[in-house]
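Visitor: below is the sequence, then the predicted model.
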Amino acid sequence: MENNRSLPPFPNNWFVIGFSDELRPGGLLRRRLAGQDLVVFRTESGVPGAMDAYCPHLGADFSYGGKVVGETIRCPFHGFCFNREGTCVATGYGTKPPPTAQVRTWPFSEQNGLLMVYYHGGDAAPTWEVPAFDVAGWGPPLTRCFYLKTHPQETTENGVDIGHLAWVHGYQDVEVLKSYEMDGPRLVVRYAMSRSANALGKVGQRLRAEFTISVHGLGFSVVEVDVPAFGMRTRHFVCATPVDAGRLDMRVVMRLREVSHPAKINPALTFVPRSLVNSLIARLTFNGFLHDLQQDFPMWEHKQYIQPPLLAKGDGPIGKFRTWTRQFYSQPVPMLEREPVHMEV
Ligand SMILES: [Fe+2]
């Protein structure tokens, strides 16, 4: 049975298609998004962009042997060059370019160390942007990419699914600090819980952590985690990008706020150089994050989308979340229009 058969496969959204450091000036990347092939490039002056992968002249794939030349992309087949707006500015023969030679370009944004493209089923321009996060005082990003059989709405819903935190992740004392706040394509929820300190603390120690989850569309969620007892703070990006129907790339990023009182975490750390402390704690915390994230994978990869869901007290604002998601689909979707029961935690 096809996964998520009731949801349109590709919501209109900003999607992350790579990390900034994958794309040097003069470089290009081959990417797939919403069942389409793209070439992502950075001109020699450093300006990034994305366009359809196929040359409109005779169909060669720019990403197989194409080259960035100055501020253009040159097709490997006949040497036609296209500028960042997708207009053909030269043929490989020195003749006049065909007047209609144009490649479709994709709205592009680069911030937070991420390369982002806006997808819209009707080719409409974006009406909102993903915010930039200040990195001063934060350590370097740790990153990972997973390929999963699921839908970006399913993975994004995970952030408001309070009920699974105990069942899937083993968190305890889950407490909702701020039930739900939405503003157009953004949504914020805050909660606290306690969990094992893992490698960072004493054996058997449980720690209270406060989570602020801000969701920006269905492709970019930010999780900020505070552990007051350790004076520790991390920021995580969870980026879900549908490459094909029911298939997505999930890129994750974590940064650690530079630790100011390492003795709070472990007195022995007082004698360790601060840069080493930060990289050690970042690595251990990132491993813990990846462990918890991967606990969700079997659910996402094998579940069905049920609409309306049979909600119960303790679920979290799943009903409201699903109503909020309607803005990301072009057409009214019968399965989405069936009203979920709105139950609060
Ligand atoms: Fe989860």
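Guide: Received it, and whenever you're ready, just let me know what you need. Numbering: from 1, shown residues only.
Visitor: enumerate the residues of the protein near the ion.
Guide: 158, 296 (Cβ under 5 Å from the ion). Every residue, glycine included, has its C-beta placed from N, CA and C.
Visitor: the same query, at a cut-off of 6 Å, please.
Guide: 158, 164, 168, 169, 296 (Cβ under 6 Å from the ion).
Visitor: so what does the closest residue to the first one other than its chain neighbours look like in phi/psi?
Guide: So that's residue 158. Closest residue to residue 158 in three dimensions, ignoring its sequence neighbours and counting by Cβ to Cβ, 6 or more residues apart in numbering: residue 296, at 5.8 Å. Here is the backbone geometry of residue 296 (degrees, to the nearest 10): phi -80, psi -20.
Visitor: again, but for the one 3 residues further on
Guide: Phi and psi for residue 299, reported as degrees, to the nearest 10, are phi -70, psi -50.
Visitor: residue 182 now?
Guide: Here residue 182 shows phi and psi, under degrees, to the nearest 10, equal to phi -130, psi 150.
Visitor: ignoring the adjacent residues along the chain, who's closest to it?
Guide: Excluding the flanking residues, the one nearest residue 182 by Cβ to Cβ, 6+ apart is residue 324, at 5.6 Å.
Visitor: which one of the residues of the chain next to the ion is nearest residue 84?
Guide: residue 158 (36.1 Å; Cβ to Cβ).
Visitor: please work out how many residues are found near the residue of the stretch 151-300 of the chain found nearest the ion.
Guide: Nearest residue of the stretch 151-300 of the chain to the ion (Cβ to the ion) works out as residue 296 at 4.1 Å. Applying other Cβ atoms under 10 Å, we find 19 other residues in the vicinity of residue 296.
Visitor: equivalent analysis for residue 75, please.
Guide: Neighbour count for residue 75, taken as other Cβ under 10 Å: 26.
Visitor: excluding sequence neighbours, find me the nearest residue to it.
Guide: According to Cβ to Cβ, 6+ apart, the nearest residue to residue 75 is residue 55 (4.2 Å).
Visitor: that neighbour and residue 81 touch, don't they?
Guide: No - with contact defined as Cβ atoms under 8 Å, residue 55 and residue 81 do not form a contacting pair (10.2 Å).
Visitor: thinking again about what came up before, mind checking pLDDT for the residue nearest to residue 75?
Guide: Per-residue confidence (pLDDT) for residue 55: 97.
Visitor: need the contact list for it.
Guide: Contacts for residue 55 (Cβ atoms under 8 Å, 6 or more residues apart in numbering) come out as 61, 62, 75, 77, 78, 80, 82, 103.
Visitor: for the last one, phi and psi?
Guide: Which is residue 103. Torsion angles, degrees, to the nearest 10, at residue 103: phi -100, psi 140.
Visitor: circling back: could you identify the buried members of the contacts of residue 55?
Guide: Neighbour-count burial (16 or more other Cβ atoms under 10 Å) is assigned, among the contacts of residue 55, to 61, 62, 75, 77, 80, 82, 103.
Visitor: residues contacting residue 120?
Guide: 12, 126, 330.
Visitor: list just the nearest of the residues you listed to the ion.
Guide: Of these, the one sitting nearest to the ion (Cβ to the ion) turns out to be residue 12, at 24.9 Å.
Visitor: distance of residue 20 from residue 156?
Guide: To residue 156, residue 20 is 23 Å away according to Cβ to Cβ, to the nearest Å.
Visitor: so those two - more neighbours on which side?
Guide: residue 156 (26 against 15).
Visitor: which ones are touching that one?
Guide: So residue 156 contacts 215, 218, 219, 221, 240, 325 (Cβ under 8 Å, 6+ apart).
Visitor: can we see that at 6 Å?
Guide: Contact analysis of residue 156 by Cβ atoms under 6 Å, 6 or more residues apart in numbering lists 215, 218, 221.
Visitor: quick check: phi and psi on the nearest residue to residue 161 once chain neighbours are set aside?
Guide: Leaving aside its chain neighbours, residue 161 sits nearest to residue 316 (5.6 Å; criterion: Cβ to Cβ, 6+ apart). In terms of degrees, to the nearest 10, the main-chain angles of residue 316 are phi 90, psi 180.
Visitor: what does the pLDDT read for residue 334?
Guide: Confidence for residue 334, expressed as pLDDT, is 57.
Visitor: circling back: pull out the buried residues from the residues of the chain next to the ion.
Guide: Buried among these by 16+ other Cβ under 10 Å: 158, 164, 169, 296.
Visitor: now render the residues of the chain next to the ion as TSV, adding secondary structure and pLDDT.
Guide: Output for those, formatted as TSV (DSSP: H, G, I helix; E, B strand; the rest coil; pLDDT from 0 to 100):
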residue	secondary structure	pLDDT
158	helix	95
164	helix	95
168	coil	95
169	coil	93
296	helix	98
